[in-house]
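1. Need coordinates for the following:
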Amino acid sequence: MTQIFNFSAGPAMIAPAVLAQAQAELLNWQNQGTSVMEVSHRGKYFVELAAQADKDLRNLYHIPDNYKILFLQGGARGQFAAIPMNLIGSKGKALYLNSGHWSATAAKEARNFCQIDEINILQEKEGKLSIARTDFSDIAEQYDYVHYCSNETISGVEIFEVPNVGNGVLVADMSSDILSRKIDISKFGLIYAGAQKNLGPAGITIVIVREDLIGHARKETPSIWNYEVQAKADSMINTPPTFAWYLCSLVFKDLLAQGGLEAVSQRNAHKAKLLYDYLAQTNFYHNQVAPQNRSLMNVTFSTGDDGLNAKFVAEATAAGLQALKGHKVLGGMRASIYNAMPPEGVEKLVEFMRLFERENS
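-> I've put the predicted structure just below:
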């Protein structure tokens, strides 16, 4: 059987070592003679798991003590609404930085709950997309928070420089690049991410929020979206997605065992370089992102011909390179090379791209 490499943008691949451990423990977790899916979330063993997951994530990201980690439901889309419900205060408005599809979607949702201003920070020069501006220190303090998306999954645009908001509150959707490289958590008021790309399976969402931002939710905020309620209940005001939480805990341990984010970021940079170096020397495929904003997680490319793109995706799938079809918004192809993608997968993809180019030029 051909070895399969899964380039899905999410739900994405999970490290084989993590899946193997979950498989081994499926019928007998913690020697309880039962699955982790069948035990109480308020019981001793799951409470210990949750506490260890919190500790391991703090160690990975060097999260300061004055930040809470919440394990929530509803995906990043749920947070598009929860954030304004919790963070809009005396200033009465928020600033949204538009760098593509998902940041624009977050802004659209926020308008249902508060007044927002929106600034387009994506520019196109000579056919290449890049980020035009990251310094908002002159205006940020007019707003209760400034929101941006650090990695636009669809277009493959990543913002490596943390926006400067002075003494303002910075909120980041990191669904596509969380735990892919080191960041200074203290620069952010809140970080959120759907799990299904770098953290684990779909069904759970991580929120890392500074404690002084908790406790100011508007009265009508549903309790499940209220950060104060969730923090006091250890993210368990209702039955949480326990299996997804468990898998995230295994991912955290696996990343620590690999050497933490220093080792992870080096491997991710290496994988991306393999692919971008090839794209830089071919005229057959085209990438539309400027080098300084090329995502390390989602590499987009196209032949410029829809029929040829469809042929590429079909033949790549047959060769064991799955889920390379680009998002319907953009078309073309997209290789999502999150933490769990091994370098061998990217090497196989480049090898196939060379072959396809020779056969179709």
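2. Report the secondary structure state of the closest residue to Ile83 other than its chain neighbours.
-> Ranked by CB to CB, 6 or more residues apart in numbering and with sequence neighbours excluded, the top spatial neighbour of Ile83 is Val171, at 6.0 Å. All C-beta atoms are positioned from the backbone trio N, CA, C, and that covers glycine. The three-state label given to Val171 by DSSP: H, G, I helix; E, B strand; the rest coil is strand.
3. Okay, and the beta partners of Val171?
-> His147, Leu190 (DSSP bridges).
4. Pull the number of nearby residues for it.
-> By other CB atoms under 10 Å, 27 other residues sit near Val171.
5. Would you mind pulling up the elements that the helix or strand where Trp245 lies packs against?
-> Using DSSP states H and E, Trp245 sits in helix 242-257. Packing partners of helix 242-257 (3 or more CB pairs under 8 Å, 6 or more residues apart in numbering; DSSP states H and E): helix 16-25, helix 44-61.
6. ok, and what's touching it?
-> Helix 242-257 is contacted from outside by 14-15, 17-18, 21-22, 29, 36-37, 39, 41, 46, 49-50, 52-53, 56-57, 59-60, 71, 179, 195, 198-204, 206, 261, 264, 339, using CB atoms under 8 Å, 6 or more residues apart in numbering.
7. wait, what's in contact with Leu296?
-> Applying CB under 8 Å, 6+ apart, the residues contacting Leu296 are 158, 177, 180-181, 268-269, 271-272, 337.
8. redo that, cut-off 6 Å
-> Contacts for Leu296 were tallied using CB atoms under 6 Å, 6 or more residues apart in numbering; they are 268, 272.
9. Phi, psi for it please.
-> phi -80, psi -10 (degrees, to the nearest 10).
10. if I look at it, how far off is Met341?
-> 11 Å (CB to CB, to the nearest Å).
11. what's the offset of the helix holding Trp245 from the middle of its chain?
-> Taking CA atoms, centre = their mean, to the nearest Å, one finds the center of helix 242-257 at 15 Å from the center of the full chain.
12. residues of the helix or strand following that helix that come out buried?
-> Under the assignment DSSP H and E, the closest C-terminal helix or strand after helix 242-257 is helix 260-280. Using 16 or more other CB atoms under 10 Å as the test for burial, helix 260-280 gives 260-261, 264-265, 267-268, 271-272, 274-276, 278-279.
13. Please work out which of the helices and strands packed on helix 242-257 is packed deepest.
-> Most buried of the helices and strands packed on helix 242-257 by mean neighbour count (mean count of other CB atoms under 10 Å) is helix 44-61; its value is a mean of 17.
14. ok so, going back, quick one: closest of the helices and strands packed on helix 242-257 to Lys311.
-> Lys311 lies closest, by CB to CB, to one member of these: helix 16-25, at 30.0 Å.
15. which residues make contact with that closest one from outside it?
-> Here helix 16-25 makes contact (CB under 6 Å, 6+ apart) with 250-251, 254.
16. With stretch 165-173 instead?
-> For stretch 165-173, the external contacting residues (CB under 6 Å, 6+ apart) are 76, 136-137, 140-141, 145-147, 149-150, 188-191.
17. Make JSON lines out of the residues you listed and add distance to Lys93.
-> Output for the contacts of stretch 165-173, formatted as JSON lines (distance: CB to CB, whole Å):
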{"residue": "Ala76", "distance to Lys93": "22"}
{"residue": "Phe136", "distance to Lys93": "14"}
{"residue": "Ser137", "distance to Lys93": "17"}
{"residue": "Ala140", "distance to Lys93": "12"}
{"residue": "Glu141", "distance to Lys93": "12"}
{"residue": "Tyr145", "distance to Lys93": "9"}
{"residue": "Val146", "distance to Lys93": "11"}
{"residue": "His147", "distance to Lys93": "12"}
{"residue": "Cys149", "distance to Lys93": "19"}
{"residue": "Ser150", "distance to Lys93": "22"}
{"residue": "Phe188", "distance to Lys93": "19"}
{"residue": "Gly189", "distance to Lys93": "15"}
{"residue": "Leu190", "distance to Lys93": "17"}
{"residue": "Ile191", "distance to Lys93": "21"}
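18. Compute the distance between Val350 and Tyr278, please.
-> Relative to Tyr278, Val350 is positioned 5 Å away (CB to CB).
19. show me what contacts the nearest residue to Ile208 once chain neighbours are set aside?
-> Using CB to CB, 6+ apart and skipping the chain neighbours, the partner closest in space to Ile208 is Ile191 (4.4 Å). If you count contacts by CB under 6 Å, 6+ apart, Ile191 has them with 172, 174, 208.
20. on that earlier part again, looking at the buried residues of helix 260-280, which is nearest Glu124?
-> Once CB to CB is applied, the member of those that ends up nearest Glu124 is Leu279, at 17.9 Å.
21. where does the nearest residue to that closest one once chain neighbours are set aside land on pLDDT?
-> Spatial nearest neighbour of Leu279, excluding adjacent residues (CB to CB, 6+ apart): Asn287 at 4.9 Å. Note on Asn287: pLDDT of 97.
22. before we move on, what about Met1?
-> The confidence metric pLDDT takes the value 55 at Met1.
23. Then Ile139?
-> At Ile139, the pLDDT value in this model is 98.
24. Appreciated, that's everything.
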